[in-house]
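[1] here are the coordinates; sequence isn't available:
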């Protein structure tokens, strides 16, 4: 299996622009998680899905952030408009069904820089 | 709520030294406990896990024992290598059936030759 795939790996944009991050989870996994990692705040869970349905989006910082999962093999995280404080590494992770002791499999991350 | 606390600050040590990273947790019920490792420029990957009290997880020379009486899951390795330089995260999964993990803040480990 190719693992969790994220694109792009690096994104540099200017303040005010729309940014779309993409994730393809591991086939057969029914949980998908979006995280943000910064030096100041560490690893933060933004939102997670189960069977393509958003379960908890309480970690989404504000209305500028939105996430979708139109099918089992694709998810997007969109920031519109972007701000410099959104600069971070964004990780997508997926997890198989079956219980709370299952590990999460992380993608390589997207490093976002907003100028 | 459920949470994980890791010791503050980076850890710098010499090759072949003994490594300990402390992790304590707060949770209702009986969580599963994990250690994840993040190598430079990569995503997190599972290092080891334990699903019930007194279980010992082990992998790549690392070990951690699930101690319910002290609510701890300390990570240890007897002889570290330069290649062990990474960030280590302790995490727990509470019994909500949702696969959600609560992560600690992570510890940067730097092994000097």
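    Nice, I can see it. Bear in mind the structure is a predicted one, so any value in this text is a computation, not a measurement.

[2] What is the burial count for the residue in chain B positioned nearest to chain A?
    Closest to chain A within chain B is residue B:43: 3.4 Å, counting by Cβ to the nearest Cβ. Glycine gets a C-beta too; all of them are placed from N, C-alpha and C. Residue B:43 sits with 22 neighbouring residues when counted by other Cβ atoms under 10 Å in any protein chain shown.

[3] quick one, what contacts the nearest residue to it once chain neighbours are set aside?
    Nearest non-adjacent residue to residue B:43, counting by Cβ to Cβ, 6 or more residues apart in numbering or on different chains: residue A:106, 3.4 Å away. Counting by Cβ atoms under 8 Å, 6 or more residues apart in numbering or on different chains, residue A:106 makes contact with A:4, A:91-93, B:43-45.

[4] what pLDDT does the closest residue to residue B:39 other than its chain neighbours get?
    Nearest non-adjacent residue to residue B:39, counting by Cβ to Cβ, 6+ apart: residue B:86, 4.8 Å away. The model reports residue B:86 with a pLDDT of 97.

[5] Surely residue B:86 touches residue B:111?
    No. Using Cβ atoms under 8 Å, residue B:86 and residue B:111 do not qualify as a contacting pair, with a distance of 9.2 Å.

[6] Please name the residues that touch residue A:36.
    Listed by Cβ under 8 Å, 6+ apart, the contact partners of residue A:36 are A:43-44, A:46, A:88-91.

[7] For those residues, pick the one with the most neighbours.
    Neighbour max across the contacts of residue A:36 (other Cβ under 10 Å) = residue A:91, 26 neighbours.
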